Every structure is written in structure tokens, then in C-alpha cells.
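Visitor: Next input, structure requested:
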Amino acid sequence: MKVNFYIYYRVPAQNAERARVAVSELQRELSDIAGISGRLLRRRDDETTWMEIYENVQDVTRFEAELAKLVERHGLAGLLVPGSSRPTATNISGARLRPPGSGTTTRTSSPGAISKPEALGSASPWMGDSLRSRTTAIPRTRKPARLRGERWSPIS
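Guide: Model (predicted):
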């Protein structure tokens, strides 16, 4: 099973250069350790909102552990907007997924049947939780990103 990770967070303008350098180093080290190359993007309409993308991760447990170590080592939490975090959304085998409690719904096995996602049951949001407890599938009725105005551009 291959998993794609999408990690969103906000970086204040005064920390942008330090955060860009820290994330670049983190991604280089992660590529050396886990063989996964990441991309760093920011919203075109809000330069403080950043997203890291890691695609085709096979060993999810190892990847999450290595990523958590590198985030700590590079001090990324201290570069974010005060009070914010680095929430993670994932995509598994083509299913569109979102963190629980995000107001989305989950498709069940019968077509057309929809149920509410379970609430997040951990004090620490996502890091260290199992992948299944952090994500729930959403229906494919959501507008494409180009229609929602969420356009991303690379940070170089």
C-alpha cells in the first residue's frame, strides 16, 4: 500500500527564510534516510500557508517516526505561527482522505450510504497515532482545487 502525505501549516513572514532552509534540510535528510523526496509549496493567495507533500510512502510507520525526529531536530514547531501545528492529511490507494473531526463524512461499503467520522481520540493530534485513526475518507463530490481557489506554487 502506498500512501501520500500532505502536511499543512502556517509560517509568519519573519520566519519564512529560516523555515524554508529548515524544511529543505529536513527533506534532504528524509530522502537520504527513507528514500522519499518531498515537495514544499505555498498557497498563491496566502504566502504564510505552506504544504509539504511526500508521495508513494510504503513504510508508513518508519516514515512517520523519521519525519517526527527531523521536525524536532530542525525546530520547525518554533518557526510556525504561534499556537499552530503541522496537521497531516493522507491519500491511500487513490482514496481521498482527511483528518477526523474536520467536518467531512465517510463513505461506507454500500453505495450512497454516508456516516459521520469518529472524533479524534488522542490528546496529540496525529503524530504518533495510527494512520487509520488519523484519517477518514471523504466523498468525491468536493470541487476540484482549481475551482476552490487553492492554488499552490513551489517554494524555492
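
Visitor: which residues of this protein fall in helices?
Guide: Listed in chain order, the helices of the chain (DSSP state H) span 16-34, 60-73, 131-134, 145-148.

Visitor: The closest residue to residue 25 other than its chain neighbours: what's it in contact with?
Guide: Distances taken as C-beta to C-beta, 6 or more residues apart in numbering put residue 74 closest to residue 25, at 6.2 Å, once the chain neighbours are dropped. Bear in mind the C-beta positions are built from the backbone N, C-alpha and C, glycine included. Counting by C-beta atoms under 8 Å, 6 or more residues apart in numbering, residue 74 touches 22, 23, 25, 26.

Visitor: returning to that earlier point: Serialize the helices of the chain to JSON lines and add fields for mean pLDDT, distance to residue 48 and mean neighbour count.
Guide: As requested, the helices of the chain are exported to JSON lines (pLDDT from 0 to 100; distance: least, C-beta to C-beta, whole Å; neighbours: other C-beta atoms under 10 Å):
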{"stretch": "helix 16-34", "mean pLDDT": "95", "distance to residue 48": "8", "mean neighbour count": "16"}
{"stretch": "helix 60-73", "mean pLDDT": "94", "distance to residue 48": "18", "mean neighbour count": "16"}
{"stretch": "helix 131-134", "mean pLDDT": "42", "distance to residue 48": "24", "mean neighbour count": "16"}
{"stretch": "helix 145-148", "mean pLDDT": "50", "distance to residue 48": "18", "mean neighbour count": "9"}
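
Visitor: For residue 49, find the nearest of the ones you listed.
Guide: Evaluated with C-beta to C-beta, those place helix 16-34 nearest to residue 49, the distance being 11.5 Å.

Visitor: Contacts for the closest one, please.
Guide: Contacts of helix 16-34 (C-beta under 8 Å, 6+ apart): 11, 36-38, 40, 47-48, 50, 52, 54, 57, 59, 62-63, 66-67, 70-71, 73-76, 79-80, 155.

Visitor: so of these, which ones are in strands?
Guide: The members of those that map onto strands under DSSP state E are 38, 40, 47, 48, 50, 52, 54, 57.

Visitor: Can you report how many residues lie near residue 12?
Guide: Neighbour count of residue 12, defined by other C-beta atoms under 10 Å: 13.

Visitor: before we move on, the earlier item: mind putting the ones in strands among the contacts of helix 16-34 into a markdown table with pLDDT, neighbour count and distance to residue 16?
Guide: What follows is the ones in strands among the contacts of helix 16-34, written out as a markdown table (pLDDT from 0 to 100; neighbours: other C-beta atoms under 10 Å; distance: C-beta to C-beta, whole Å):
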| residue | pLDDT | neighbour count | distance to residue 16 |
| --- | --- | --- | --- |
| 38 | 94 | 19 | 18 |
| 40 | 95 | 19 | 11 |
| 47 | 90 | 14 | 8 |
| 48 | 93 | 16 | 8 |
| 50 | 94 | 23 | 9 |
| 52 | 94 | 23 | 15 |
| 54 | 94 | 22 | 21 |
| 57 | 92 | 22 | 27 |
